[in-house]
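**Q** Predicted structure and sequence below. I'll ask about it afterward.
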Amino acid sequence: MYLVEDHGLNLKGKSLAPLRTEELNLVLKPLDKGTYQIRPRILYLDESGKYKSHEPEPATIVVKELGISGWLKGPTRDK
């Protein structure tokens, strides 16, 4: 398990061999419905020890309410 620190995910010095990949699963708990963009940025040290960064394509996440009418808010009443 890794910790979120200063808007980043601390991988505790995990190293990755050249040309290898690593898959991370993130669990996000939204507070409000809406459309959000996640713009990841990967910071790393290259083979010569220099800091580098990479920014993959942003991902869009759409958060909606549950589709069961009245389930969370109770039944609606006609006036």
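**A** That came through, no problem. Numbering: from 1, shown residues only.
**Q** Low-confidence regions, the protein specifically.
**A** 67-79 (pLDDT under 70).
**Q** Recalculate using a threshold of 80.
**A** Applying pLDDT under 80 to the chain picks out residues 1-2, 13, 16, 18, 65-79.
**Q** Tell me which stretches of it form strands.
**A** 3-5, 8-10, 34-38, 42-45, 51-54, 59-63 (DSSP state E).
**Q** list the contacts for R20?
**A** With contacts defined as Cβ atoms under 8 Å, 6 or more residues apart in numbering, R20 has no neighbours. (Each C-beta comes from the backbone N, C-alpha and C, glycine too.)
**Q** can you redo the strands of the chain as CSV with mean neighbour count and distance to L19?
**A** Formatted as CSV, these follow (neighbours: other Cβ atoms under 10 Å; distance: least, Cβ to Cβ, whole Å):
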stretch, mean neighbour count, distance to L19
strand 3-5, 9, 28
strand 8-10, 12, 22
strand 34-38, 10, 25
strand 42-45, 10, 13
strand 51-54, 9, 14
strand 59-63, 10, 24
